[in-house]
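>>> Sequence below, structure please.
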Amino acid sequence: MTATLVRSIFESDYPYTEHTLLMSAAIRGDVKGVQKYLKQGGQQDRHGNTALMLAVMSGRLDCVQLLAPREAKMQDNFGCTALMHAAKRGNVDIISLLLDYEAGMRSSIGWTALAWSLDCQNPVAVDLLLNAPGECPNSLPLLRAIARSSGDVVIKISKHVQPADLKDAKEWALKRGYVDALRLLTSSIQ
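Now for the predicted structure:
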């Protein structure tokens, strides 16, 4: 009995997980499987991940292209979108694809994809997101760049924030002892 059950699980087209057939195909990069099970789009796993998010996390650009029209703008249990997951990983091709769908959206903690992109330290990803509408709505991305000691990124982002947000960022950097960032912020204004 046990051997039969194990064999049926491994021979099955559906893995023994909480994922739908569409999600499993997206993770594997199985374009034909994604096309076949596209009707399952819009479903989420226990973490709130969609097939699109799982394709993004797996770096499956072909699957992302198929899934984006159907699952874009959905958010996981933390409010993250597929674009935010791509930004965390610095996947420039996927970020470019998802910008038109999800730019400017915020997670549960108020972060845009730009704020998440600072984790990967990919300057191309940061540039793409910095120029997207709604991605730099306040000083948060700048504060994250300061805290990460990302000098070039601090200068780039500082050029996109409002003067009041720049003033707040300078005060924040001063209070926390980020002297180098404070110098950069001061010199970038002059």
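>>> And the helices in the protein, which stretches?
2-11, 21-28, 31-36, 51-57, 61-71, 82-89, 92-102, 113-117, 123-130, 140-147, 151-158, 163-176, 179-189 (DSSP state H).
>>> Ile94 against Ala87, yeah?
No. Ile94 is beyond contact range of Ala87, at 9.1 Å (criterion: C-beta atoms under 8 Å). Glycine gets a C-beta too; all of them are placed from N, C-alpha and C.
>>> more crowded one of the two?
Ala87 (33 against 25; other C-beta atoms under 10 Å).
>>> for the residue nearest to the spatial centre of the chain, what are its contacts?
Residue closest to the average C-alpha location in the chain (C-alpha atoms, centre = their mean): Met84, at 1.7 Å. By C-beta atoms under 8 Å, 6 or more residues apart in numbering, the contact list for Met84 reads Glu102, Met105, Ser107, Trp111, Thr112, Ala113, Trp116.
>>> try Val56
Val64, Ala82, His85, Ala86, Arg89, Asn91, Ile94, Leu98.
>>> is it true that Pro133 touches Glu102?
No. Pro133 is beyond contact range of Glu102, at 11.1 Å (criterion: C-beta under 8 Å).
>>> Of these two, which one has the most company?
Of the pair Pro133 and Glu102, Glu102 is the one with more neighbours under other C-beta under 10 Å, namely 23 against 9.
>>> and that one, what does it touch?
If a contact means C-beta under 8 Å, 6+ apart, then Glu102 has Ala72, Lys73, Thr81, Ala82, Leu83, Met84, Ala113 as its contacts.
>>> Quick check, pLDDT for the second one.
This points to Lys73. What the model reports as pLDDT for Lys73 is 98.
>>> The fifth one now?
At Leu83 the predicted local confidence, pLDDT, stands at 98.
>>> ok, now Ser158?
Ser158 is assigned 84 on the pLDDT scale.
>>> separation between it and Ala87?
Noted for Ser158: a distance of 19 Å to Ala87, by C-beta to C-beta, to the nearest Å.
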